[in-house]
Each structure stands twice: as structure tokens, then as C-alpha cells.
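Student: have a look; sequence and predicted model below, questions after that.
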Amino acid sequence: MKFGKTAGPSASGIVAEMLSASVNRGVEFLTILTESVFSNGVIPTEWQERFIPNLHKGKGDALDRGNYRGLKLNDQVMKLLEHALEKYIRQMVNIDESIQFGFVPGRGTTDAIFIICQLQQEKFLAIKKPLFCLVRRP
């Protein structure tokens, strides 16, 4: 976790610096807490609180809502829980890297668009026929 970030909306006020300074006792406490959440399936209510402000991307018309993105601000401890859960799930699930681009570290939709453009160019050069594809925008 990065230092200098806000604690989030919960009343706990726990920040990354506090977790880092607590060394072994903090890790031990968080491990017990995380195991409890995973085994009971109950997330503390205050961890579930989050703010999602809409921020202008800095380009385009500020009146166009498509030029905004949501930024999720949640509790620091919940972020740790989310990262632990993500790591656990990624160990269990085999993601086909040839078709999955979103939500994969080091890959993005720009990679997929680049591949489509390359395929289109190769197809055109090979048989002199255009390749058509549809890209769905969220």
C-alpha cells in the first residue's frame, strides 16, 4: 500500500503508515481479522462504506458525462482484504490470456485494440479483403 493516502470513509482511521509501523503485531492482527472475514463471510459494516466521487478526466467537454470517471475511496483495511481476495481468486482461476485484457495486471484494452489492428492489417495484406470487428464500449 502507498503511504500518504487517506484512511477512507470509516471511523477506524487506519492508514498504511500505521499498518507498516505495527510490524509483526499488526500483520498478526490483520491475518486473524482477514481469516475471520473469510471463514464467517461477514465484512464489518464500516469497511463496506465508500465514496465514489466523479472526476473529470482533464480532456474533452466538462459538461459531457462520458468525460468523467469514478474513483472509489474505501477503507485502507478493506483494500488489503480486497487484494488478499484477488490474489486468492487468481490462484484458483485460470484466465485465458489470449482473450482476457481487462482487469489483468500489465494488460489493458489498448493492447487488445493494437492486436485487432495488427490482425486487420495482416488480413488485408494477405487476401486484400478488409477485416471488420466490433468493439463494445462499456
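Tutor: Yes, it's here. Residues are numbered from 1 along each chain as shown.
Student: helix, strand or coil for the residue nearest the centre of the chain?
Tutor: The centre of the chain sits closest to residue 103, judged by CA atoms, centre = their mean, with a distance of 6.4 Å. Here residue 103 is coil, with the state taken from DSSP: H, G, I helix; E, B strand; the rest coil.
Student: ok, it to residue 17 distance?
Tutor: The gap separating residue 103 from residue 17 is 28 Å, by CB to CB, to the nearest Å. C-betas here are computed from N, CA, C, even on glycine.
Student: now residue 121
Tutor: Taking CB to CB, one finds residue 121 at 50 Å from residue 17.
Student: number of nearby residues for residue 67?
Tutor: Residues near residue 67, counting by other CB atoms under 10 Å, number 15.
Student: need phi/psi at the residue nearest to the centre of the chain.
Tutor: When read as degrees, to the nearest 10, the backbone of residue 103 gives phi 60, psi 30.
Student: rewinding a little: which of residue 121 and residue 17 has more neighbours?
Tutor: Taking other CB under 10 Å, residue 121 and residue 17 do not tie; residue 17 has more neighbours (14 against 11).
Student: wait, that one touches residue 2, no?
Tutor: No. Checked against CB atoms under 8 Å, the pair residue 17 and residue 2 is beyond contact range at 10.1 Å.
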